[in-house]
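1. Give the three-dimensional model of this entry:
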Amino acid sequence: MVNEDFDPSEDCDRVLSVFKDGQESDNPWGRANPRFIIDQTGIKKPNVEYHLRRLRDAGWITRCARGLYEYVEDPREID
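-> Just a heads-up that it's a prediction; the model follows:
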């Protein structure tokens, strides 16, 4: 269940944007591991892990395997 009241910080939004990159094109998108997020954002590993936990707890992403996360939904986006 997605927490629509969750208000991500700026860095949390940067982490989420990595999952959404490629969504508008034919490029693969929606999955990422912490190393890829670190490389894309420049955010340090402990902070990336913290933001991944917050996003997962809010239901915006899910952990599909050890070290691999998948985008679920951003309730701020209007279809």
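
2. name the element the residue most central in space within the chain belongs to?
-> Centrality entry for the chain: nearest residue to the mean C-alpha point is Leu16, 3.2 Å, by C-alpha atoms, centre = their mean. Here Leu16 sits within helix 10-20, counting by DSSP states H and E.

3. Beyond that helix, next helix or strand please.
-> Reading on from helix 10-20 to the C-terminus, the next helix or strand found by DSSP H and E is strand 31-32.

4. what residues are up against the residue nearest to the centre of the chain?
-> Leu16 sits next to Pro8, Leu55, Trp60, Ile61, Tyr71, Asp74 when contact means C-beta atoms under 8 Å, 6 or more residues apart in numbering. For the C-beta atoms, the positions are set from N, CA and C on the backbone; glycine is no exception.

5. So Cys38 sits against Asn47, correct?
-> No, residue 38 isn't Cys; it's Ile. No: look at Ile38 against Asn47 with C-beta atoms under 8 Å: they stay out of range, at 9.1 Å.

6. helix or strand for Tyr69, which one?
-> Counting by DSSP H and E, Tyr69 is found in strand 68-71.

7. list the buried ones in that strand?
-> Tyr69, Tyr71 (16 or more other C-beta atoms under 10 Å).
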